[in-house]
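Asker: Predicted model, plus sequence, below.
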Amino acid sequence: MQRTPRIVFIALAFVGALLLFAKLPAAAQEKAFAPQEFNLVDNYLEGNIMNVSNTVQKDVVVTVKSLSRYGQTTYWQGTARLGDIEPGAVGFVRLRYGINAPAPEKLSFDFKTAKDAQPPQRKALFGFKGDGQGYSEWFTLPAGVISLEYTYTASWNGTAQIGLENRQGKLVKVIFDETLAENATREGIKTLKAAAPASYRLNVVSPGSWTVDIFQENAPAEETKAVNGTSEEAATRPVPIKIRQEDSGVTVITH
């Protein structure tokens with residue numbers, strides 16, 4: 001049987017690698033961006049994105065996610081359109097941070113072009129937790145589809161209820177209502193379709209510990225403009241968030 005020369009296999013493998021590489025987006029072909037100097041200022045997340053490549057990065061869109069320490073929970077996310085960024089220049093990001101969202105412990109950055117970018121599918125709005133019954137503070141939810149994710153752990157045998165109440169005192173959504181044995185745990189998600197922005201609070205009757213995290217589904221993207229070469233300075237600058245870039249694209253924050 002005639003054997004195929006080894007050089008043919010090598011050539012085919014080389015061509016295949018080139019084709020695979022060609023399919024990757026520009027941001028995946030090289031580490032073109034380096035996040036720098038991110039701070040949380042007056043409920044805005046601010047920072048610079050530097051173009052560390054040797055080419056102009058066209059019509060850049062970045063989605064920033066605020067994560068828990070080990071990256072398992074997304075506290076908040078926002079999207080900024082930075083435009084074209086020259087080599088060595090920076091785009092300035094300024095996004096309104098989620099009200100009541102926990103302070104970021106990690107930041108992750110996803111870069112796309114405006115043509116390929118999709119609006120964020122979910123935006124963290126509020127997070128509440130407690131032990132026992134009571135009311136949360138009032139908060140405003142936007143129009144659209146709202147997700148309410150809950151966890152509950154019973155401290156003794158009994159019935160627990162967590163509800164969403166409007167300004168008129170009406171219970172508009174029962175988030176959780178169940179009788180459980182001591183130490184039993186439940187978790188789940190309920191959906192609210194809000195026709196218009198309105199104020200709500202949580203009404204909790206609970207012999208146990210609970211959490212409720214509230215998200216806006218299909219949230220519109222927020223946009224900012226690029227500032228090439230320099231970064232805009234905030235009026236007041238707090239202690240900066242110290243960040244360290246990891247190979248995975250996740251930035252570790254230490255306070």
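Answerer: Now that the structure is in, tell me what you want to look at. Numbering: from 1, shown residues only.
Asker: Touching the helix or strand harbouring residue 212 from outside, list them.
Answerer: Using DSSP states H and E, the element containing residue 212 is strand 208-217. Contacts to strand 208-217, defined as CB atoms under 8 Å, 6 or more residues apart in numbering, come from residues 121-132, 139, 141-142, 144-156, 160, 162, 175-176, 180, 202, 204. The way it works is simple: take the backbone N, C-alpha and C, and place the C-beta from them, glycine included.
Asker: can you do 6 Å?
Answerer: 122-129, 131, 142, 145, 147-155 (CB atoms under 6 Å, 6 or more residues apart in numbering).
Asker: Quick one: mean pLDDT over it.
Answerer: In this model, strand 208-217 carries a mean pLDDT of 89.
Asker: Output the below-cut-off pLDDT ranges for the stretch 101-250 of the chain.
Answerer: 114-121, 220-250 (pLDDT under 70).
Asker: Quick check: neighbours of the one helix or strand residue 163 maps to in the sheet, parallel or antiparallel?
Answerer: Taking DSSP H and E as the definition, one finds residue 163 inside strand 158-166. Strand 158-166 pairs in its sheet with strand 171-180 (antiparallel), strand 198-205 (antiparallel), by DSSP bridges.
Asker: relative orientation of the strand holding residue 212 and strand 158-166 in degrees?
Answerer: With axes from the mean of the first three to the mean of the last three CA atoms, to 10 degrees as the basis, strand 208-217 and strand 158-166 are set at 30 degrees to each other.
Asker: Now mean neighbour count and distance to residue 218 too, for the strands paired with strand 158-166, in a markdown table please.
Answerer: As requested, the strands paired with strand 158-166 are arranged in a markdown table below (neighbours: other CB atoms under 10 Å; distance: least, CB to CB, whole Å):
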| stretch | mean neighbour count | distance to residue 218 |
| --- | --- | --- |
| strand 171-180 | 15 | 19 |
| strand 198-205 | 18 | 18 |
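Asker: Quick one, which of those gets closest to residue 86.
Answerer: strand 198-205 (45.1 Å; CB to CB).
Asker: okay, now the closest residue to residue 194 other than its chain neighbours: neighbour count?
Answerer: In this structure, residue 194 finds its nearest non-sequential neighbour in residue 143, 5.2 Å apart by CB to CB, 6 or more residues apart in numbering. Residue 143: 12 surrounding residues under other CB atoms under 10 Å.
Asker: which residues touch residue 143?
Answerer: 194, 196, 197.
Asker: One more pass at 8 Å, please.
Answerer: Here residue 143 is in contact with 194, 195, 196, 197 (criterion: CB under 8 Å, 6+ apart).
Asker: isn't residue 156 right up against residue 207?
Answerer: Yes: taking contacts as CB atoms under 8 Å, residue 156 lies within contact range of residue 207: 5.5 Å.
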